[in-house]
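Asker: Provided below are the primary sequence and the corresponding predicted coordinates.
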Amino acid sequence: MNIIFADLPATHDHTPAYTSRLGAAVGELVTLRLKTTLPVIAVFLKLLEHGEITTHPAREIGPLDGEGRWFEFDLRLHARRVHYAWQLQTAEDNWHFTMAGLHHTRRPYRDWFHYVADYQAPTWVWKSVFYQIFPDRFRNGNPANDVQTGEYVYSGAPVVHVSWDVPPTRELDIHAHYGGDLEGVAQAMPYLADLGVNALWLTPIFVSPSAHRYDITDYRTIDPHLGGEAAFGEMLRAANAYGIRIVLDGVFNHTGSEHALFQRALHDASAPERELFTFREATGGKPPYAAFFDVPTLPKIDYRSAVAVNEFLAGEESVVRFWLRRGAAGWRLDVAQQIGRGGTDEGNLELHRQLKQAAREERPDAYIFGERFFDSEAALTGEGEDGVMNYHGFGLPLMEWFAGEHYLGFRSRMTTAELLDLLWDAYHVLAPQLALNQFNLLDSHDIPRALSRLGENKTKLRAALTLLMGYPGVPCLYYGTEIGLSQPERGLMPFNRAPMPWDETRWDLDLRAFVQALIRVRRSARVLQEGALRFLLEESDALGYLRAYTHPDGRRELAAVLGSRRGSQHEVIVTLPRGDWRDALTGELVSRGGETRLDVAQGRLLLA
């Protein structure tokens, strides 16, 4: 297992002391440095260059921090994606140093260090804490625009207006409308700013017949039941006043079956709109067209059609461009891995590159991240999505470790070693900016609420939230998690979509204050926003990791992030690097380095 601990006798990462700059252009020089405590007699940089491995001697320089020996090499970037490793020779041995650690044998290229040239990350997201809002369930700012019971029939059943305090039921599911709207989001901006979040991700807000709105009827019109254009403008003005950015949900894999383009295609085989969808023979109960998981109300868009590419993704008047011009800060891409041609995922990465290029032309710092539940390594080159919802590389395995069960409900006896191995495997293969762009979350509208999965144990929830706020990437809270919102019964949708209670007597104010303090630290500590990752602790029920940001002069900012899955008092002994370590939430001095005993039951976040 490639679990990289902080006591490794060689260091190289993406922070300024070790990598002079990120995002340099092809042809430019970047200085790379290595620190080691091994008795080396020579250090080389290994470079994958035009299909061959070349070897270049590194020169020794004076120690930047008074520790170990330092070596550097001026690398001229020969390609957009550069892979490199270090070779360390001692009198008696030879080592290859990569993101996988120190090994005698040469490691595969995915384990090497990665540099992406000509890529400018939307660095505002590194300084952000996101908050996910499911508009229908967050806040009802204007009851006059609510969906009314029986107002229309959708998918064979009438829609129903449900009172705010009634828990979601499986029987009503997508037909249950609670009345949340964008006016409510605007009214909640003071609350959100006070909590400390500075970016929102809204699930779809365009015209749609369902409560979730992933079956869009009109991509260029705000749903009137959410307040329409006026409410959208009011929300943007309120967000801008508080310095809060808004990312929209892009449903570009499929439309809703009531979309005008699909209706024309469905009812006229000779219609030009026919090419935007993939029609086929209806067999086995499947609709006569490709659809998301064969759900008839969700026909897949066929991007073999240049018209489809122009309409939704990349044309001068595409949906992607339209809402960025209106003030959106980016897009979250629904089922990003399914977008493709001919009812499949063919051409998926090329389509994402076209989408990304269009978005950046409209807004150079637009943040584009995809919903990918699975391994996303191949997609994260910097040409397409900036990042993905990090279900695979963080949220799902971490919560499985905490809960002792998979998010679909079956039992799991995941060990801490297995968890750390998976976390490191997903992290180490990414270029640094892309690792920092990853969208990290514990729960969402698609998976069970964290508190429910943790058996309503708020000590465990605090530990999980601490690990979330300290991990590389962009943290996101699901609405209500900060006040202890759970769900009426176990499972997935619709139980995880209960309305946000606005009666403060129902809030866990201590939990909210804890989350507020974590957010404050996250937004103020550069080491948590941009620092490199190594691990500190692996026990059967506890883990810990180190974040490190090393300035050009060798000065270090350090953070230690630890947590337990026991849900009750849990003391551990962890070995910390030298420094004055203070509890980030209380300011208490807890260690000057070395072996330190800590209770990590509800998580600990230390800074030095």
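Answerer: Received, thanks.

Asker: what's around residue 270, how many residues?
Answerer: By the measure other Cβ atoms under 10 Å, the count of residues near residue 270 is 5. All C-beta atoms are positioned from the backbone trio N, CA, C, and that covers glycine.

Asker: residues contacting residue 296?
Answerer: 257, 287 (Cβ atoms under 8 Å, 6 or more residues apart in numbering).

Asker: Strands along the stretch 351-500 of the chain, start to end?
Answerer: All strands of the stretch 351-500 of the chain, identified by DSSP state E, counting those that start in this stretch, fall at 367-370, 387-388, 439-441, 474-478.

Asker: which one of these is the most hemmed in?
Answerer: Counting by mean count of other Cβ atoms under 10 Å, strand 387-388 has the highest mean neighbour count of the strands of the stretch 351-500 of the chain, with a mean of 28.

Asker: Walk me through which strands that one pairs with, and which way each runs.
Answerer: The strands that strand 387-388 pairs with in its sheet are strand 367-370 (parallel) (by DSSP bridges).

Asker: Output the partner strand as CSV, restricted to C-alpha atoms.
Answerer: Extracted in CSV, the C-alpha atoms of strand 367-370 (Å, rounded to 0.1, in the frame of the first residue of the first chain):
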residue,chain,number,x,y,z
TYR,A,367,-15.1,26.9,-12.2
ILE,A,368,-16.3,23.7,-14.1
PHE,A,369,-16.7,20.6,-12.1
GLY,A,370,-18.4,17.3,-13.0
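
Asker: starting at the chain centroid, how far to that strand?
Answerer: With Cα atoms, centre = their mean, to the nearest Å as the basis, strand 367-370 stands 9 Å off its chain's centre.

Asker: and stretch 375-386, which residues are buried?
Answerer: By neighbour count on 16 or more other Cβ atoms under 10 Å, the buried set for stretch 375-386 is 376, 377, 379, 380, 381, 382, 383, 384, 385, 386.

Asker: which ones among those are found in helices?
Answerer: Judged by DSSP state H, helices contain none of the buried residues of stretch 375-386.

Asker: Find the pair from the residues you listed with maximum spatial separation.
Answerer: The distance between the two most remote of the buried residues of stretch 375-386 (Cβ to Cβ) is 14.7 Å, for 377 and 386.

Asker: now the chain, which segments are flagged as low pLDDT?
Answerer: 1-2 (pLDDT under 70).

Asker: which one of the buried residues of stretch 375-386 is nearest residue 204?
Answerer: Distances from residue 204 to the buried residues of stretch 375-386, taken by Cβ to Cβ, are shortest for residue 385, at 18.2 Å.

Asker: right, and the closest one touches residue 370 too?
Answerer: Yes: under the criterion of Cβ atoms under 8 Å, residue 385 makes contact with residue 370 at 4.5 Å.

Asker: Overlap in contacts, the two.
Answerer: Counting by Cβ under 8 Å, 6+ apart, the residues touching both residue 385 and residue 370 are 333, 336, 352, 379.

Asker: so who does the first one touch?
Answerer: Residues touching residue 333, when contacts are defined by Cβ under 8 Å, 6+ apart, comprise 250, 252, 339, 352, 355, 368, 369, 370, 371, 385.

Asker: Can you pull the phi/psi pair for the nearest residue to residue 146 once chain neighbours are set aside?
Answerer: Using Cβ to Cβ, 6 or more residues apart in numbering and skipping residues adjacent in sequence, the residue nearest residue 146 is residue 179, 3.9 Å away. Here is the backbone geometry of residue 179 (degrees, to the nearest 10): phi 100, psi 0.

Asker: bridging residues for residue 157?
Answerer: residue 154.

Asker: ah, wrong one, I meant residue 548
Answerer: Going by DSSP bridges, residue 548 forms beta bridges with residue 532, residue 558.

Asker: Correct me if wrong: it contacts residue 13.
Answerer: Yes: with contact defined as Cβ under 8 Å, residue 548 reaches residue 13; the gap is 7.2 Å.

Asker: which neighbours do the two share?
Answerer: The contact lists of residue 548 and residue 13 share residue 532, where a contact means Cβ under 8 Å, 6+ apart.

Asker: tally of neighbours for the nearest residue to residue 591 once chain neighbours are set aside?
Answerer: Distances taken as Cβ to Cβ, 6+ apart place residue 581 nearest to residue 591, at 4.2 Å, with adjacent residues excluded. Neighbours of residue 581 under the rule other Cβ under 10 Å: 23.

Asker: how much space is there between residue 581 and residue 588?
Answerer: 10 Å (Cβ to Cβ, to the nearest Å).

Asker: Spit out the contact partners of the closest residue to residue 597 other than its chain neighbours.
Answerer: Spatial nearest neighbour of residue 597, chain neighbours left out: residue 573 (5.4 Å); criterion: Cβ to Cβ, 6+ apart. Applying Cβ under 8 Å, 6+ apart, we find residue 573 in contact with 595, 596, 597.

Asker: I'd assumed residue 47 was in a strand, is it?
Answerer: Yes: assessed with DSSP: H, G, I helix; E, B strand; the rest coil, residue 47 lies in a strand.

Asker: Isn't it up against residue 82?
Answerer: Yes: at 7.4 Å, residue 47 counts as touching residue 82 under the criterion of Cβ under 8 Å.

Asker: what residues do those two have in common as contacts?
Answerer: residue 75.

Asker: what is the residue nearest in space to the middle of the chain paired to in the beta sheet?
Answerer: In the chain, the centroid-proximal residue (Cα atoms, centre = their mean) is residue 439; its distance is 0.9 Å. Beta bridges link residue 439 to residue 389, residue 474, judged by DSSP bridges.

Asker: List the residues that contact it.
Answerer: Per Cβ under 8 Å, 6+ apart, neighbours of residue 439: 130, 332, 369, 387, 388, 389, 390, 473, 474, 476.

Asker: now those as a markdown table including distance to residue 606?
Answerer: Converted to a markdown table, the contacts of residue 439 look like this (distance: Cβ to Cβ, whole Å):
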| residue | distance to residue 606 |
| --- | --- |
| 130 | 24 |
| 332 | 32 |
| 369 | 29 |
| 387 | 27 |
| 388 | 29 |
| 389 | 28 |
| 390 | 24 |
| 473 | 20 |
| 474 | 22 |
| 476 | 23 |
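
Asker: Residue most distant from the centroid, the chain?
Answerer: Furthest out from the centre of the chain (Cα atoms, centre = their mean) sits residue 91, at 44.7 Å.

Asker: Let me know the distance separating that one from residue 41.
Answerer: From residue 91 to residue 41 the distance is 6 Å (Cβ to Cβ).

Asker: repeat for residue 133
Answerer: In this view, residue 133 and residue 41 are 58 Å apart by Cβ to Cβ.

Asker: These two: which is more packed in?
Answerer: Each of residue 133 and residue 41 has its neighbours counted (other Cβ under 10 Å); residue 133 has more, 26 against 10.

Asker: The more buried one pairs with what?
Answerer: residue 202.

Asker: residue contacts, it?
Answerer: Counting by Cβ under 8 Å, 6+ apart, residue 133 has contacts 185, 200, 201, 202, 203, 479.

Asker: One more pass at 7 Å, please.
Answerer: By Cβ atoms under 7 Å, 6 or more residues apart in numbering, the contact set of residue 133 is 185, 200, 202, 479.

Asker: Appreciated, that's everything.
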